[in-house]
Each structure stands twice: as structure tokens, then as C-alpha cells.
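# any chance you can model this:
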Amino acid sequence: MPFYELPEFKAPEKFKNFNLAQKGAKSFKLFAGVIFASVVFGFLAGAFSSAIFYFQIKDYLIKTNNDLPLLTEKETIVKEYLPQTSQEEKIIRAVKESSPAVVSIVISKDVPILEEYYERDPFGFLIPIPQYRQKGTKKQEIGGGTGFIVSKDGLILTNKHVVLEEDADYTVFTSDGKKFQARVLARDPFQDLAVMKIEQKDGESFPTLNLGDSDSLQSGQTVVAIGFALGEFRNTVSVGVISGLGRRITAAGGGLVETLEDVIQTDAAINKGNSGGPLLNLKGEVIGVNTAMASGAQNIGFAIPINKAKKAIEQVKEVGKIVYPFLGIRYILVTEEVQKEYGLSVDHGALIVSGDSGEPAIWPGSAAEKAGLKKGDIILEFNGDKITSNNSLAKIIMRYNPGDRVALKILRKNKEFRVEVVLGERNE
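All right, here's what the predicted structure looks like:
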């Protein structure tokens, strides 16, 4: 039976490109399938080869070095900072080793709470001038400074002007944030120094700073200052050099005015709140106690040499107070200007004078009074040391102790003579 043959189909004009589109679609599907198959095959091949490589390198590492650690996704590598110079390394080490013994001192006090009110005049109208009355008290921070620990049982050295308030509470904070109450044991009568004590628990031990030798300092030597800058930024570090030695300054602050002899000048920034903090050498040793800054100047600060404080620390440990030898006179150092002003025959020595407000030139009952010294006398030598502007009486007498017997060379009305005195004692 013959097969039926269908007559040839002729598509209308609008369907002429239909077969061509079908052929193109079939070609695209074939091409996409090839690409997809290639990607899948490539992925599987890569994963397979990576797995083989991983196990091979793992086996190799384990065989070659069983101690070599394998990092996981959670492990990170912490890179330690490497100092660029040997000096930078010394500074970093000094700060790191010293900071645990540097403390911030916060001063708190009960202050009155004032209430504002207005009074009325006789006609009942308010008087537009506020009046104030006290309504209880509240504890409030009134200041702050810095100190550093010098004994394992919690002795702290700081500035006298930081802890002048008698009826205040003193709180110290260590670099790790611990908080302690402290009390003032002694205030130095002549220098801007004070010693405090942490009220620690039984057996508690504190890190301490090593005290260096301030007599061997050199101008240009690198120093590091650490302190409670501006009463806000604890353990702030500044670096500089010793700009000068043996300076004599008059410092004022906290209601206190003092003339400080033989202090260290430095350009390491000493800001408010740094007072009482340590000035360190590159060994991390304390060579000074930061005490003052020059107002209106750039980086001119001053520190008390640590050798002046060592004696005070030992006295507090032994007798619970700071004592000094006391001669009992008021005086001015004789210079060329003083010589001309007073018409003196010498250009050196200590001229005994009365105070500006009429205070006596000689303290009643003092060693000077017992030795017969008088107003207008000039002390030329103290136990053989010539008194000059660079070697003042205050600097010389600090080398002695109460009870020491010393010889004085005196000029009175152009006549020289010698007297012996037994030094008295003065404390705060």
C-alpha cells in the first residue's frame, strides 16, 4: 500500500523566518549545555585536585615538623611592634615597666549646696537680685594630680601643692583601674614634696619605681614624664631632654608660693595634672618629681631632683614626718645689685633682713637667736662653704641634720668673726 505523501507545505510570508529561529534556539541550547557541563566538570576537577594537594601538604608538614602549628579560620597572627631605633626601644621599655607604679590622685571634698532665692521689698515686689543660702553639702571632686609608689606597702611620693587640703578625701587610681583610699603622712616644709600612704588590705603588695641618681644628670639627656594630664588623661607620656640644671624658680599654685632651689628644667611637656609625677631616665629610674611649668611658655617645665626627696622618704619611714635643720633667719642673697642697693662691702653671702610685712629677721628661740645673730649681719660662710648666688644658704643647709653643730663666718659692720650654732628642727 503506498504511503500517503503529504503535499509540500508552504508557510505564509509572516512565518518565513520561523524555522530559522528554531534552528538558532537549538544551537544556543546546545552551546549553553556545553558551557555548563564544562563549568561543572572544571569545578569538580578543581575540588578533587585541591583535596589531593591539601592532604599531601598536610602529610608533608606533619612528617617534616610535628611541632608546626596549623592555623584554623578562627586563629589570627598578632604582630608585635618593633621599635625603629634603640632609643625608641628604651623609651617604650621605660614606660611599660614604670606605668604600673604611677597613680592618679583625685581630691574630693564636701562642698556646700547653694539654693538661689529672691527677697521682696516692703511693698511686696521681688527684688531682682538673687540671694543664696546653703542647703546641705555634697561630695565633689575639687582637683587632681599624679604620684608614684616608692615602697611595696604603698608609700606614694607627690607634690605638696597637690595635697594641701587638710579636710579632703584622697583617692588614687592605678594604671589598671584599681581604686584605693589614701592619706597624707607628711608635707615637706621647704620643698614641694609630700608623702602619702595607700590604705591597703593586709599583705597587699604594690609595684614600685626605682629611684635614680639626680646628681649625675647632664643637659641634653633624654627624659620621660608620666602623669595625669589635665586631670583627665591618666598615664600620659611625654618625651624630651633636660634643658638645664640648678635652676632657681618661684612657683605658685593652690594658694601656695614657694621658691625652689636647684631644680631640673626640661622640655618634656608637663601639663596641669602632671604635678607629682615621675621624670624618668631611659633606664626607667626616677630622676625628678615634676612640679611646675612656666606659664605662657612653650615646653618649659621643672622637676625637683629625686636625691632631694630620698631623705624625705626615709624620714617618713623612720619617724613619720619630714624634718629639716633650722637656723631661724630671714635673708636675701647678696649679689652685685644688692651690694649696690644696700651699700655693702662684699658681693656674696646671706644678708639677714626683716620680712616685707614686718616679720622679725630672727625667729624667737631659734639657733640664730641663741648664737646672737642680728638683723643686718651677713653670713659669708656656712661650715666653710662660701655662700653665693650659685651656692645659696638654702642649698648648703640641706646637707645637714637637726642637732648638727656648724660654724658660721659673720660680717657685722665691716668686722668678721665666727660663731658656732646647733641647728634646730623644723617640720610642717
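# tell me the secondary structure for residue 189?
Three-state call for residue 189 (DSSP: H, G, I helix; E, B strand; the rest coil): coil.
# tally of neighbours for it?
Neighbourhood size, residue 189 [other CB atoms under 10 Å]: 15. Just so you know, the C-beta spots here come from the backbone N, C-alpha and C atoms, and that holds for glycine as well.
# and for the one 3 residues further on?
Here the count is done by other CB under 10 Å, and residue 192 has 25 residues near it.
# quick one: the helices in the stretch 201-350 of the chain?
Listed in chain order, the helices of the stretch 201-350 of the chain (DSSP state H, counting those that start in this stretch) span 306-319, 336-342.
# sketch out the low-pLDDT regions of the stretch 201-350 of the chain for me.
Along the stretch 201-350 of the chain, segments meeting pLDDT under 70 span 230-232, 252-256, 296-297.
# and for the stretch 51-200 of the chain?
In the predicted model of the stretch 51-200 of the chain, residues 51-79, 83, 110, 141 satisfy pLDDT under 70.
# tell me where it has helices.
Counting by DSSP H, counting those that start in this stretch, the stretch 51-200 of the chain has helices at residues 86-98.
# what about the strands in it?
Secondary structure of the stretch 51-200 of the chain by DSSP state E, counting those that start in this stretch: the strands cover 102-117, 131-149, 155-158, 169-173, 179-187, 194-198.
# just give the strands next to the last one in its sheet, each with its orientation.
Strand 194-198 has its sheet partners listed here by DSSP bridges as strand 155-158 (antiparallel), strand 179-187 (antiparallel).
# what's the answer for the second one, then?
Neighbouring strands of strand 131-149 in its sheet, by DSSP bridges, are strand 102-117 (antiparallel), strand 155-158 (antiparallel).
# buried ones in it?
143-149 (16 or more other CB atoms under 10 Å).
# export those to TSV and append columns for distance to residue 128.
Below are those laid out as TSV (distance: CB to CB, whole Å):
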residue	distance to residue 128
143	35
144	38
145	42
146	46
147	48
148	53
149	55
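# what's the closest of these to residue 343?
residue 145 (45.8 Å; CB to CB).
# now do the contacts for the closest one.
Residues near residue 145 by CB atoms under 8 Å, 6 or more residues apart in numbering: 104-105, 107, 158-159, 162-163, 228, 231, 273-277.
# switch the cut-off to 7 Å
Contacts for residue 145 (CB atoms under 7 Å, 6 or more residues apart in numbering) come out as 105, 158-159, 162, 228, 273, 275-276.
# now do the residue nearest to residue 188 when sequence neighbours are not counted against residue 289, distance only.
Closest residue in space to residue 188, ignoring its immediate chain neighbours: residue 322 at 5.0 Å, by CB to CB, 6 or more residues apart in numbering. Between residue 322 and residue 289 the distance is 14 Å, computed by CB to CB, to the nearest Å.
# ok, residue 325 touching residue 400?
Yes. Here residue 325 reaches residue 400: they are 4.7 Å apart, a contact under CB atoms under 7 Å.
# follow-up on the earlier one: would you turn the strands paired with strand 131-149 into a markdown table with distance to residue 124 and mean neighbour count?
Output for the strands paired with strand 131-149, formatted as a markdown table (distance: least, CB to CB, whole Å; neighbours: other CB atoms under 10 Å):
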| stretch | distance to residue 124 | mean neighbour count |
| --- | --- | --- |
| strand 102-117 | 16 | 17 |
| strand 155-158 | 56 | 26 |
